[in-house]
Every structure is written in structure tokens, then in C-alpha cells.
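In: Any chance you could fold what I've pasted below:
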Amino acid sequence: MTDAIIDVQRLGKRYAVGRRRPWRRASPSAVIALDDVSFTVRRGECFGLLGPNGAGKTTLIKCLTTLLIPDSGTARLDGFDVVRQPAEVCARVGCMLMGERGVYWKLTGRENLEYFAALYFFPHAQRRRIVDQLVARLGLHDFVDRAVETYSSGQRMRIAFARALIHDAPILLLDEPTNTLDVHGARELRALVRELHAAGRTIVYSTHLLTEAEELCDRVAIVDRGRIAAIGSPRELVDRAGYHGSLRVIGRLPPAALAAIQHHPAARAAQLTPDRDCDILTIALRHGGADVGPLLTAIGTAGGEIRDLRLDHPSLEEVFVELTRARPTAPREP
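Out: Okay, the predicted model is just below:
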């Protein structure tokens, strides 16, 4: 892909662990965190890494930011290799890792931001100007001059996000940035991510929240057990999986209505649940909401009396659950 700013090819990373056995010396084994991972991110794209906890998202982010050295494969950011050219990569990447240890707790938030700005060799006056702009932009006035150790979890995450923006890097890597934020803080951060994306920033956004991925990301990679299970836009992933939503009809629905729907070309499946006051007919749609009208006509023709209905549109959640369905796994030996 000629416009790819991030190019990852067959990346692998494993962690050596000791398997404990009663009354015996621990035997060595390995947990594979990344297993032959390949993908590209286009310049100016917001690319989501979506997966359950422990899927390998944080390990992948750490490899892309030179904090971990991969065991195999290659990763290039803006043309620079993360292993052979780490300084060039770091100059082009702003990173916010999950957790709250990306800043120094004994310093104030302002002192942290000025310190990290100094690491990028900004002159003193420019450092002050950059920090003041970030404080105003992220609304940090209330706590930025207190020691970080007095902050709440959400306040520490906001300072960490400000740190990622210090040098205005063209690539921004965010690892579950709303993890400890309250509703208002998370909403404000997502708005800023949208603003940065609209301005042309390339963003890799790691999350396990499907609503965030659908709201923010142009494309999404679903990560499971260290592998890429699927890549595409949220809409493409839903269409590719064949999920088209469902229709829930409530009313007086005779068995003839169920029979009519079961043989209707717009329905994949149907289930009728009789109740004392009403009946509930759940219809798995074949083509989404486009064929709801003919289905309702078929129910009426079969003698059904419709009181209420609800159309559930297909979502990324169905694809995510199917692709990351829990299966027993065990650490693999080296």
C-alpha cells in the first residue's frame, strides 16, 4: 500500500514464563502475545485495535513505540524501522499507554509536561507556550499545578494524553485512553480524537469498547489471542459476517403468522413466543431493514394483529463476540 504510514509484517512476540508445579522446580514455557501479525495503516486514518483484555493490543502498541523489541517480523512507521531506527520512530510518534505510570508522580502535571517537552529539545520559551496551550485545550487548569500523586485516575490519564501531544507527532498511538475516565471526560477525549483525525493526524486507537470503535475508526482490526482475526471498516466487518439485524414484533400473532414468516425470502429464521397478553415474534432478517414492510404485510395477511415492533440493526458487537468467542487455551511451549 503506497500511502501506508504504518506497515507491520509478520510481527511476533512471546514472553517466557515459569509454569509452577507442586513440589517441583518451575518449568519454562512461553506465552505468545503476538503471533504473525500483519496490517497497514493509511496516512491520516483512524485505525482501531479492538479486542478483549489480554488479546495482545498493548504488546503491539509497545512494539510500535520501541518499548518492546519484537522477536520476529518487521514494523515500519513513516518509513523507519522500530528496531533499527528507534530514535526516528520516537520523533514521529505520540503515545499514551494504558495505565498511569507514564508520568512522574512526585512532579506536578505542569512540571511533567515541561520535562517531556525538554526531551524533544524545545527551547524554554516554546516549552512554556506548548504546555499552556495543552492545559487550555484539555481543560487541565484545576489540577495541573498539583503533584500527580494527588490526582484521580481520570486526571492522570488526561495528563498522559497531554504528554502524547507534546511534540505534535504525525502518528498518535492511544492504548485504551478512556479506560479510567468518567463519562464527561471520555466524551471530551473522543471529541478531541475526532478533531485530531479531521486535521489529518494518523491515529491507532486501541480499545475493547465497541461503541468507541464504531464511532471513531475508519477501519478496525479485531485482535484475539495475539492474532488479527479480521480487518475492515465496521460496516464491512458486519456485512462480511452476514449479520443483518432482527425484527421483534409484539401483538396477537397466530401460528399461521409464524409459518408465513418462516417461508418468506426476507427472513433467515423466526421464533414465536406465546404469552398471556401478547405474542412475541422474533425475526432474523436476511437483508436488514429494507424488507420490513413485506414482512409486516405477510403477518397481517396471516391474521396477525401488530401492537408494537422494534428493529435491531446489525452491529459490530455480533461480529466481535463471534470472532473472540471464549475457547480453552493453554500456553504454548517455545
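In: Can you tell me the element Gly48 falls in?
Out: Using DSSP states H and E, Gly48 falls within strand 46-50.
In: what comes into contact with that strand?
Out: Here strand 46-50 makes contact (CB atoms under 8 Å, 6 or more residues apart in numbering) with 6, 39, 41, 57, 60-61, 193, 197, 202-208, 210, 212-213, 216-223, 316, 320. The C-beta positions use only the backbone N, C-alpha and C, and glycine is treated the same way.
In: Which residues lie in contact with the residue nearest to the spatial centre of the chain in this structure?
Out: Nearest to the mean C-alpha position of the chain, by CA atoms, centre = their mean, lies Thr207 at 2.9 Å. For Thr207, the contacting residues are 48-50, 176, 178, 213, by CB under 8 Å, 6+ apart.
In: related to what we said a few turns ago, now list the buried members of the contacts of strand 46-50.
Out: 6, 39, 41, 57, 60-61, 193, 197, 202-208, 210, 212-213, 216-217, 219-223, 316, 320 (16 or more other CB atoms under 10 Å).
In: Among those residues, which ones are in strands?
Out: Residues of the buried ones among the contacts of strand 46-50 located in strands (DSSP state E): 6, 39, 41, 202-207, 219-223.
In: just the strands in this protein please.
Out: Along the chain, counting by DSSP E, strands occupy 4-21, 24-42, 46-50, 72-77, 80-81, 93-96, 171-175, 202-207, 219-224, 227-232, 246-252, 267-274, 279-285, 305-312.
In: could I have the last one exported to PDB, CA atoms only?
Out: Spelled out, it's strand 305-312. Provided in PDB are the C-alpha atoms of strand 305-312 (Å, rounded to 0.1, in the frame of the first residue of the first chain):
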ATOM      1  CA  GLU A 305     -52.500  -8.100  14.900                       C
ATOM      2  CA  ILE A 306     -49.400  -6.000  15.400                       C
ATOM      3  CA  ARG A 307     -49.200  -3.700  18.500                       C
ATOM      4  CA  ASP A 308     -45.600  -2.800  18.600                       C
ATOM      5  CA  LEU A 309     -42.300  -3.600  16.900                       C
ATOM      6  CA  ARG A 310     -38.600  -3.000  17.300                       C
ATOM      7  CA  LEU A 311     -35.900  -3.100  14.600                       C
ATOM      8  CA  ASP A 312     -32.500  -4.000  15.900                       C
END
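In: Could you spell out the sheet neighbours of it, each with its direction?
Out: With DSSP bridges as the test, strand 305-312 is paired with strand 246-252 (antiparallel).
In: what angle sits between the strand it pairs with and strand 279-285?
Out: 160 degrees (axes from the mean of the first three to the mean of the last three CA atoms, to 10 degrees).
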